[in-house]
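Peer 1: heads up, no residue letters with this:
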């Protein structure tokens, strides 16, 4: 990709996460300078793309963020932090530091529902953009072990539909909003290019790995027991059963946000499956 006329310096939080790493990669590809905020820079460097600068910081302790924000024009935020990934309560302090540092644009990755940090950003007076993706394609990695070892997927509500989105497309939308005008005050629902059933997803994985997969429907009780045994908290289990059994319209309706914002079509699940085929092979 051609370098932009005016390269900018962007601070990305959650930079080694499912979405954050793609925000970093897209910004670097566009010729910008990226600082990746992390509590352990040494460890993070191993998983960051070449060219990203790992800097120490913690969103739960805003007092130490000033050096990381120096010279930054854009800030990508996640809404959860700390050891137990609780909703961040430090939004007002983070926003004040960002404004003082001269940050012009902020993106927030919506983690589901309203959060104190997102509320603070919306009230900041800066050019904010909320990224609201539907189901991540990366969620399919939860099936990887069962597919590798047993050639099967067991899920409840196998007739459910999803407009699941490639994480790289979320990162691309975020990178544009962080570096270009015209996206302030926007909440972007981000989906993939097609509505898929579980059977569609499994078929794409079969094609990618070159071996059949059996799809088995679990009862809600069976699914809850499996998730409980895997260590999921009861509130998360309840959430999954609700969203899978009663997927809201926005989770199963395609919108053209990726194309409108980035100028290129959203990636398909078949493409994602091909990229990650090795994870599903024995």
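Peer 2: Thanks, I have it. Because the structure is predicted, anything quoted here is derived from the model rather than measured.
Peer 1: mind showing which ranges of the chain have poor pLDDT?
Peer 2: Counting by pLDDT under 70, the chain contains low-confidence ranges at 1-5, 83-84.
Peer 1: go with 80
Peer 2: 1-5, 82-85, 112-113 (pLDDT under 80).
Peer 1: domain parsing for the chain?
Peer 2: The chain breaks down by automatic domain parsing into domains covering 9-133, 134-165+192-253+267-282.
Peer 1: Deepest in the core, which of those is it.
Peer 2: Highest mean neighbour count among the domains of the chain (mean count of other CB atoms under 10 Å): domain 9-133, with a mean of 19. In short, each C-beta sits where N, CA and C put it, glycine included.
Peer 1: I'd like the domains of the chain laid out as TSV, including distance to residue 179.
Peer 2: Below are those laid out as TSV (distance: least, CB to CB, whole Å):
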stretch	distance to residue 179
domain 9-133	6
domain 134-165+192-253+267-282	21
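Peer 1: Residue 185: which of these is closest?
Peer 2: Proximity to residue 185, assessed across these by CB to CB, is greatest for domain 9-133 (6.8 Å).
Peer 1: how far does that closest one stretch from start to finish?
Peer 2: Start and end residues of domain 9-133 are separated by 24 Å (CA to CA, to the nearest Å).
Peer 1: ok, now stretch 266-282?
Peer 2: End to end - CA to CA - stretch 266-282 spans 29 Å.
Peer 1: Just give the nearest non-adjacent residue to residue 22, would you?
Peer 2: What sits nearest to residue 22 in space, not counting adjacent residues and going by CB to CB, 6 or more residues apart in numbering, is residue 171, at 2.8 Å.
Peer 1: Around the one you found, count how many other residues there are.
Peer 2: 26 (other CB atoms under 10 Å).
Peer 1: what residues does the helix or strand that it is a member of touch?
Peer 2: Residue 171 belongs to helix 167-179 when elements are defined using DSSP states H and E. With CB atoms under 8 Å, 6 or more residues apart in numbering as the test, helix 167-179 has contacts from 4, 8, 10, 18-27, 30, 32, 73-76, 105, 107, 109, 129, 131, 133, 136-138, 183, 186, 188, 190, 192, 257-258, 261-262, 264, 266-267.
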